[in-house]
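Visitor: pasting a predicted model and its sequence here:
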Amino acid sequence: MTLGSITFADVIVASSLCYLLAISRTGFSSTDSLITKLMVYIINTGCLTSICSMVAVITVSFQGLYCPSLL
């Protein structure tokens, strides 16, 4: 898989998990609080991996512009 595909997959997985957690709220405050904490954790880790993947994609694309002999 290319880095762009991995970044796209990270975003899809994080958004799917958040959606599934959002529709599984029960109405109990303790359970809803736990679901909210899980959603924040998923968003934070999903954003972190997506940002790292995007930095890798940008780095590889600029490497070809400045150092064509390395490719």
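Guide: Received, thanks.
Visitor: could you use CA atoms for every contact and neighbour count after this?
Guide: Will do.
Visitor: and residue 7, its phi and psi?
Guide: The phi and psi values for residue 7, taken as degrees, to the nearest 10, are phi -60, psi -40.
Visitor: how near is it to residue 63?
Guide: Counting by CA to CA, to the nearest Å, the gap from residue 7 to residue 63 is 19 Å.
Visitor: out of those two, which sits in the busier spot?
Guide: Set residue 7 next to residue 63 and count neighbours by other CA atoms under 10 Å: residue 7 wins out with 20 against 14.
Visitor: do I have it right that that one meets residue 56?
Guide: No - Residue 7 is beyond contact range of residue 56, at 9.9 Å (criterion: CA atoms under 8 Å).
Visitor: which residues do those two both contact?
Guide: Shared contacts of residue 7 and residue 56, defined by CA atoms under 8 Å, 6 or more residues apart in numbering, are absent.
Visitor: next, count neighbours for residue 3.
Guide: 16.
Visitor: list the contacts for it?
Guide: Going by CA under 8 Å, 6+ apart, residue 3 touches 53, 54, 56, 57.
Visitor: now with 10 Å, please.
Guide: With contact taken as CA atoms under 10 Å, 6 or more residues apart in numbering, residue 3 is in contact with 9, 50, 53, 54, 55, 56, 57, 58, 60.
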